[in-house]
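# Mind looking at a prediction? Sequence and model below.
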Amino acid sequence: MLSDTSRSSDLRSPRGIGRSQWNVTEGAGSGTFEIKPVSPFRLDLTTWALRRRSQNAIDRWDGHTYRRALTVGAAAVDVAVTQTTKPSAPTLQVVVTGDASGCRVETTRALERLLGLRVDLRSFSRFARGDPRLSVLERRFRGVKPPRFASLFEGLANAVACQQLTLDVGFQLLNRLAQTYGWPAEPPHGGSLSLGDLRAAARMRNQRHRDCTAIDDLVHRPTNDEIVH
């Protein structure tokens, strides 16, 4: 088992990776590290801004932990995030389960994008306090950050699915898409899903081609009478 806690020069970066305990066994295992977002930060509010609906099966929230699968290389890992300190001095604990070898930096970048960890809204907060209507919202939602999708592919998939009928129907479509073509995380958290990336789109295209070919074969398959004649 390898641990990089002794390499203190590698454990902090300008992007906010805190002191970490990163354990890997033969390329598969788990890793734990900390991220310090720009304050103030509230994981609960930001996660709900990202989720939008409770039926979102990709970005999950149990009231304490944000969990989802992230595509790292050719596999998916399960990522669980909890906030361990107050919003004014926030610290997030991140646990990665699966093929965790060497994915700490990629995981951090993905979480920074998903949860807006590097976004500084203090200037907006000062502006909002000067408006009687905005100030009420600013106090109520202080600590929320603007989330973004994990990839361009996820953004496009959400844009298409969620403009069909309603947002609820959109999430039904996205959940089915992730279950059918996405990247499931490895056990013990196999319930975590990711929409994947352009490789998922390629799998969808290949599957659609196979489906169309099968339908075409059925349509043009000669009947018994045609075979006899």
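Looks like it came in fine.
# rest of the way, CA atoms for contacts and neighbours
Noted.
# where does residue 47 land in three-state SS?
The three-state assignment at residue 47 reads helix, by DSSP: H, G, I helix; E, B strand; the rest coil.
# Report the contact partners of it.
59, 61, 66, 115 (CA atoms under 8 Å, 6 or more residues apart in numbering).
# residues near the nearest residue to the last one once chain neighbours are set aside, how many?
To tie it back to what came earlier, the one meant is residue 115. Leaving aside its sequence neighbours, residue 115 sits nearest to residue 147 (CA to CA, 6 or more residues apart in numbering; 4.8 Å). Residue neighbour count, defined by other CA atoms under 10 Å, stands at 20 for residue 147.
# Roughly how far does residue 147 sit from residue 135?
21 Å (CA to CA, to the nearest Å).
# Check residue 90 too.
22 Å.
# rewinding a little: got a winner among the contacts of residue 47 for most neighbours?
Ranked by the number of neighbours (other CA under 10 Å), the contacts of residue 47 place residue 115 first, at 24 neighbours.
# Okay, helices next: where are they in this protein?
Along the chain, the segments classed as helices by DSSP state H run 43-51, 104-115, 122-128, 132-140, 152-161, 167-181, 198-220, 224-228.
# Looking at residue 90 and residue 135, which is more packed in?
More crowded of residue 90 and residue 135, by other CA under 10 Å: residue 90, with 19 against 16.
# close enough to count as contact, that one and residue 84?
Yes: between residue 90 and residue 84 there is a contact under CA atoms under 8 Å: 7.3 Å.
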